[in-house]
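Pasting the sequence and the predicted model now:
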Amino acid sequence: MHDRVRKTCCRLVFLVVVAAPTLVMLSWGIARNTSLVKQQTKLHWQQQLAVKLGLKVTLAAVENPRPGLIVLRGAKLYDAESGLDCGSIAIIRLSESAGQQVVQLEDLQLQIAQRPETWQWFVQHLLRQTGLGNVVISSGPVDFGALPGEMAAGSAEMGFACHLRSEAERTTITVNLTNPRFADVPVAIQVHRQHQASAETQVTLDTAATSLPCQLLLPLFPQLAALGEETSFRGQLSARESVDGQLMEIAGEFSGVDLQHWLGPVCAAGLTGSAQLQLQRARIINDHCVQAAGRLIAENGLVKRSLLRQAARELGLQWIHDLGAEQGIYERLSCRFDLDESGIVLLGEDQGRYAGSVLRHPHGVLLAAGVSPRRLSSQALARSFGSPSTAGLPLSRGALRLLQGPGPQPVLQARPTPLPAATVPR
């Protein structure tokens, strides 16, 4: 080959293989760091996140440190309708590994207790997505903000891991929350939604050894709001919702139940205090409890004389001592119950000095169950709380109607899927 031709070919190869790619990379790097391109990239990601999450999202910066890795900084989450602040994430790292999307979060702060309706909408919106694929989300401790009850004393931060699988037929979300005190036994939450003409959503929860504030569970179980702001739950809970109706099953313990909030104002129910609601089992269909067995315990609350009179007359309880006033302090309420479609049986304390006592104050027993308690109708129980209706207990604001008499039976047949011992892939 002629020397001039050889030199020309070498120059062309150098331009194509070395110079041109270098110039392209330099131009891309310069363009990527211009303010206009940065702003356009940030707007693009804000819009993408808003569509996927159903929330308004703002970002402080978007970085692409290497191919295949996107870093979003300073994410702020807002209610899409009201614009109210509902959370923030300091850093979001997006990548892919082994055919699945990997999302790593740092400094995750969620205001679930303050914005339960927003996060309920977020869960519903996420479940309706059909093309998100296989996503693994991990985070350090999540700050749930100001929480009442047990977690307010320093357990408001929990470890968080999530596995989301979104397909054409169904969407499944598995969440593990790790309490620092019970790190080996995480809280397991699993949510399924079938994408069919008759869409169905199933939620199962197993708190293991952790007592969770009900405020954190409102996005999944909004009915729990009726038990009061400082109520916590430990146990198993499942719910299923479809076009045919709602079904909920519970086995566990509610602590810090606000009796006034649950049963209604003290002027109507005549009973206040903070209670423990221990449920061996409960089955609730369309807000009507068709089966329940357990115990209600409360201490140092207020009771009205009118309630004593009503309870003695309608429930067949023995009215042993009077208050001496229209309203007084009770020392202990202890009521065992067994409810089914035929009615309800009420029992008092099962042992000790005050065996048989249902309600007592410092000077003695106020109400006691009989030696052979009879099965009562739910209407009698409602009348004892001063309800003008015989349809059920006068529970306020769409409460979780435990101890309410059975209503019309819906067409629900199948039970929810068993509670999972869910773990998130690493």
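Looks like it arrived, so ask away.

Could you pull up phi and psi at Val62?
Main-chain dihedrals, Val62, degrees, to the nearest 10: phi -130, psi 130.

whoops, Gln196 was the one
Torsion angles, degrees, to the nearest 10, at Gln196: phi -130, psi 180.

Give me the neighbour count for it.
A total of 10 residues lie near Gln196 under the criterion other C-beta atoms under 10 Å. For every residue, glycine as well, the C-beta is placed using N, CA and C.

With Leu49 instead?
19.

Give the helix, strand or coil label for it.
Three-state call for Leu49 (DSSP: H, G, I helix; E, B strand; the rest coil): helix.

Same question for Ala209.
Secondary structure, three-state DSSP: Ala209 is coil.

I figured it hits Val187, correct?
No: taking contacts as C-beta atoms under 8 Å, Ala209 lies outside contact range of Val187: 9.1 Å.

Those two: which is more packed in?
Counted by other C-beta under 10 Å, Ala209 and Val187 do not tie: Val187 has more neighbours, with 23 against 12.

Over to Arg375: give its phi and psi.
According to degrees, to the nearest 10, Arg375 has phi -80, psi 130.

any idea how far Asp340 is from it?
Arg375 is 9 Å from Asp340, where distance means C-beta to C-beta, to the nearest Å.

More neighbours: the two, which one.
Neighbour comparison, Arg375 and Asp340: the larger count goes to Asp340, with 15 against 12 (by other C-beta under 10 Å).

which residue sits closest to that one, ignoring its sequence neighbours?
Gln291 (5.4 Å; C-beta to C-beta, 6 or more residues apart in numbering).

does that neighbour belong to a helix or a strand, and which?
Assigned by DSSP states H and E, Gln291 belongs to strand 288-304.

For that strand, buried residues please.
Residues of strand 288-304 classed as buried: 288-290, 292-298, 301-304 (neighbour count, 16 or more other C-beta atoms under 10 Å).

Looking at those, which two lie furthest apart in space?
Greatest spatial distance among those (C-beta to C-beta): Val290 and Leu302, at 31.4 Å.

Please name every helix or strand in contact with the strand holding Gln291.
Where contact means 3 or more C-beta pairs under 8 Å, 6 or more residues apart in numbering; DSSP states H and E, strand 288-304 is packed against strand 274-285, strand 327-340.

Is it possible to get a markdown table of these that adds distance to Tyr78 and mean pLDDT?
Output for the helices and strands packed on strand 288-304, formatted as a markdown table (distance: least, C-beta to C-beta, whole Å; pLDDT from 0 to 100):
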| stretch | distance to Tyr78 | mean pLDDT |
| --- | --- | --- |
| strand 274-285 | 34 | 93 |
| strand 327-340 | 44 | 90 |
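
I'd like these written out as TSV, with distance to Arg4 added.
Shown next, in TSV, are the helices and strands packed on strand 288-304 (distance: least, C-beta to C-beta, whole Å):
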stretch	distance to Arg4
strand 274-285	91
strand 327-340	101
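
for those strands, which one sits closest to Leu59?
Among the helices and strands packed on strand 288-304, strand 274-285 comes nearest to Leu59, with 42.2 Å by C-beta to C-beta.

Just the buried positions in that closest one, please.
So, applying 16+ other C-beta under 10 Å, buried residues of strand 274-285: Ser274, Ala275, Gln276, Leu277, Gln278, Leu279, Ala282, Arg283, Ile284, Ile285.
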